[in-house]
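K.L.:
Got a predicted structure plus its sequence, pasted below:
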Amino acid sequence: MSDIIYSTMKNSEEIEFLRDRRSFNYSFNKVTMDSLEKHFRLKDSLYLLAKKEERFVAFCSIDRGWWEENFFFIREILVDPDFHKRGIGEKLMSMCIEHAKNCGTVGVVTETDFVNIPMQKLCEKLGFTKWENPQWKEGITYKLIF
């Protein structure tokens with residue numbers, strides 16, 4: 001999709017653009033927004049935004065806020081339902097994975113709800129494997145080791 005523009009958020013004020021965005025029974029509410037602002041400040045965090053003209057298309061973030069040393073965590077990924085099945089989520093996650101590799105990490109971790117089948121399929125397509133997370137049982141944790 002050549003009409004989609006991908007950009008990196010440069011300051012935490014830009015995160016406000018995400019407030020109340022929704023997809024797949026998920027929204028960027030106050031709790032999510034506070035978490036994004038907090039993790040934006042971590043060393044080597046990357047926040048990517050996809051737009052079509054000024055319209056929100058997708059967002060993905062990755063940071064070092066994972067409890068295992070030298071792993072990055074894909075904290076959020078959200079694609080507007082009007083843009084599903086176009087490879088945008090895959091492109092954003094791939095960009096985040098490449099960023100983590102360039103930062104010299106061991107791997108990347110992400111988590112998703114049990115009912116979020118599209119995210120589960122995307123993780124598996126990108127080479128993640130399910131991982132038994134001792135600290136989180138409300139969904140599925142995926143790991144990608146480099």
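P.N.:
Yes, it's here.
K.L.:
For the rest of this, base every contact and every neighbour count on C-alpha atoms.
P.N.:
OK.
K.L.:
By average pLDDT, which secondary structure element in this protein comes out worst?
P.N.:
strand 22-23 (a mean of 63; mean pLDDT, DSSP states H and E).
K.L.:
Stretch 29-48: how far from the chain's middle?
P.N.:
Counting by Cα atoms, centre = their mean, to the nearest Å, stretch 29-48 is centred 11 Å from the centre of its parent chain.
K.L.:
End to end on that stretch, go ahead and measure it.
P.N.:
18 Å (Cα to Cα, to the nearest Å).
K.L.:
Contacts for that stretch next, please.
P.N.:
Residues from elsewhere that reach stretch 29-48 (Cα atoms under 8 Å, 6 or more residues apart in numbering): 6-9, 12, 15-16, 18-20, 59-65, 92, 96, 99, 103.
K.L.:
Buried subset of those residues as a PyMOL selection?
P.N.:
Per 16 or more other Cα atoms under 10 Å, the buried members of the contacts of stretch 29-48 correspond to this PyMOL selection:
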select buried, resi 6+9+15+18+59+60+61+62+63+64+65+92+96+99
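K.L.:
What residues does residue 19 make contact with?
P.N.:
27, 28, 29, 30, 33.
K.L.:
No further questions, thank you.
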